[in-house]
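Colleague: sequence unknown, structure follows:
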């Protein structure tokens, strides 16, 4: 005997259908939530990956920039060292001709006149005492000494003394008390660092280096 038509069976069937529908709804909701959670996790993972990649790219760029700066600094040091080496070699070659040029200038009357005039002018500015003692090369012509003595007699009110120095090849030294104005070749070239700087500046203006 079939029970399909019994009211209790119909009611039970309806309940089962409700349970099934509720189960399906819950399953669908869970699946939707799972899909949403999966999407969120994937988005978060991609976001973290993008952030990490961006940091890696920035770090790589910074490392490359530092590498370039270090390489540029190293190249600049090498260029400066090469330039300094070339300058030193050029100055070593130029120093001897400079000394020779000064010596040649003293050998001409015009050169001596300009030299003595410049040195006595500097001495007047620096020396307090008028009692001058002038050291000079042994071969300095007496006529030129007398001319200088006459001029200084007028300017200082007293003629200077003269002392020949065999060890002095060119130029003069003017002494007054404890102060000396050294216009010899050695005296003029004493500040070698300053003179070399002037030589390099002049050489670069004319195209050296």
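Modeller: Okay, I see it. The model shown is predicted, which means the values in this text are computed figures rather than measured ones. Residues are numbered from 1 along each chain as shown.

Colleague: the helices in the chain, which residues?
Modeller: Ranges of helices in the chain, per DSSP state H, are 7-106, 109-126, 142-156, 185-188, 192-205.

Colleague: Export those to a markdown table and append columns for mean pLDDT.
Modeller: As requested, the helices of the chain are exported to a markdown table (pLDDT from 0 to 100):
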| stretch | mean pLDDT |
| --- | --- |
| helix 7-106 | 81 |
| helix 109-126 | 93 |
| helix 142-156 | 94 |
| helix 185-188 | 88 |
| helix 192-205 | 83 |
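
Colleague: any idea which of the ones you listed is most buried?
Modeller: Most buried of the helices of the chain, by mean neighbour count (mean count of other CB atoms under 10 Å): helix 185-188, with a mean of 17. Backbone N, C-alpha and C define where each C-beta goes, glycine included.

Colleague: quick one: contacts of that helix?
Modeller: In this structure, residues lying in contact with helix 185-188 by CB atoms under 8 Å, 6 or more residues apart in numbering are 99, 102, 103, 106, 169, 170, 171, 173, 182.

Colleague: ok, 7 Å please
Modeller: Applying CB atoms under 7 Å, 6 or more residues apart in numbering, the external contacts of helix 185-188 come out as 99, 102, 103, 169, 170, 171, 173.

Colleague: and it, how far from the chain's centre?
Modeller: 32 Å (CA atoms, centre = their mean, to the nearest Å).

Colleague: go on, stretch 43-60?
Modeller: 40 Å.

Colleague: ditto for stretch 135-150
Modeller: 49 Å.

Colleague: and what of stretch 104-112?
Modeller: 42 Å.

Colleague: can you give me the end-to-end distance of it?
Modeller: 10 Å (CA to CA, to the nearest Å).

Colleague: Can you list the neighbours in contact with that stretch?
Modeller: 115, 144, 170, 171.

Colleague: so what's the last one scoring on pLDDT?
Modeller: The predicted local distance difference test score for residue 171 is 94.
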